[in-house]
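*Asks:* Structure for the following, please:
(one chain, ligands or ions: 1)
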Amino acid sequence: MPDDGLWNAGWYRFARAALSPNYGPRPDGAQIDLIVLHSISLPPGRFGGDAVQQLFLNQLDWDADPYFQTIRGLQVSSHFFVRRDGALWQFVSCDDRAWHAGASHWRGRDDCNDDSIGIELEGLEGERFEDAQYETLSDLCAAIAQAYPVAHVAGHEHIAPGRKQDPGAGFEWRRLRDATGWGASMFPEATSDAISSAKFDPPYR
Ligand SMILES: [Zn+2]
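*Replies:* Next comes the predicted model:
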């Protein structure tokens, strides 16, 4: 990818960079046309700590929390991580293959890690996300689309149905659509009936 001021070898200028060891090359000729959205927090529902970054850097102390035992040894990564306050981290060059999607299928292709860019939002599936996260996410999506032929955006729940539920019903797809100006055809059909903040009724209330 060109070094155009926004990007340098797949690294986004406005992200804090920390190189994860969990990545590999993309297949030859990979068409990087999919953005996959996720949500994550460690332990689930606890925000603001460093555990997610530590997980992606293989530096998590598995004994630091009982929940970590359930994911002990997990080697994963995403290209990006958007914190609750909108701060943006990057762990893998977008030119490389991060390990965020697992077994997956979308727009007629399997193994979405091959040709997607993964963005983790700090959060809990089913709960809402912060305004600052939508702002960072929409700016990031626009920047990605300047460097890569983005044609699709989907949630982990869409590309691995039944196995994954993130980012979940609290994510406002319509808001991302409006902010990016991208057509509904780029998004999963299931999101076309917009889940607006006005309509969204969190299950935990
Ligand atoms: Zn996910």
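
*Asks:* Relative to residue 72, how far out is the spatially most central residue of the chain?
*Replies:* Computing the C-alpha centroid of the chain and ranking residues by Cα atoms, centre = their mean puts residue 119 first, at 1.9 Å. Using Cβ to Cβ, to the nearest Å, residue 119 is found at 25 Å from residue 72. All C-beta atoms are positioned from the backbone trio N, CA, C, and that covers glycine.

*Asks:* what sits against the closest residue to residue 94 other than its chain neighbours?
*Replies:* In space, residue 94 comes closest to residue 10 once its chain neighbours are excluded; the distance is 4.1 Å by Cβ to Cβ, 6 or more residues apart in numbering. Residue 10 makes contact with 1, 93, 94, 95, 96 under the criterion Cβ atoms under 8 Å, 6 or more residues apart in numbering.

*Asks:* Check residue 134 too.
*Replies:* By Cβ under 8 Å, 6+ apart, the contact set of residue 134 is 172, 175, 176, 179.

*Asks:* And the one helix or strand the last one maps to, what's buried?
*Replies:* Right, residue 179. Applying DSSP states H and E as the criterion places residue 179 in helix 173-180. Neighbour-count burial for helix 173-180 flags 173, 174, 175, 176, 177, 179, 180 (criterion: 16 or more other Cβ atoms under 10 Å).

*Asks:* Stretch 11-19 - what's its average pLDDT?
*Replies:* The average pLDDT for stretch 11-19 rounds to 98.

*Asks:* in the protein, which spans are helices?
*Replies:* Ranges of helices in the chain, per DSSP state H, are 51-56, 131-147, 156-159, 173-180.

*Asks:* so which of those helices comes closest to the ion?
*Replies:* With Cβ to the ion as the measure, helix 156-159 is the member of the helices of the chain nearest the ion (3.3 Å).

*Asks:* how near is the residue lying closest to residue 136 once chain neighbours are set aside to residue 15?
*Replies:* Using Cβ to Cβ, 6+ apart and skipping the chain neighbours, the partner closest in space to residue 136 is residue 86 (4.2 Å). Here the distance between residue 86 and residue 15 works out to 12 Å (Cβ to Cβ).

*Asks:* More neighbours: these two, which one.
*Replies:* In this comparison of residue 86 against residue 15, neighbours counted by other Cβ atoms under 10 Å, the higher total goes to residue 15 at 19 against 16.
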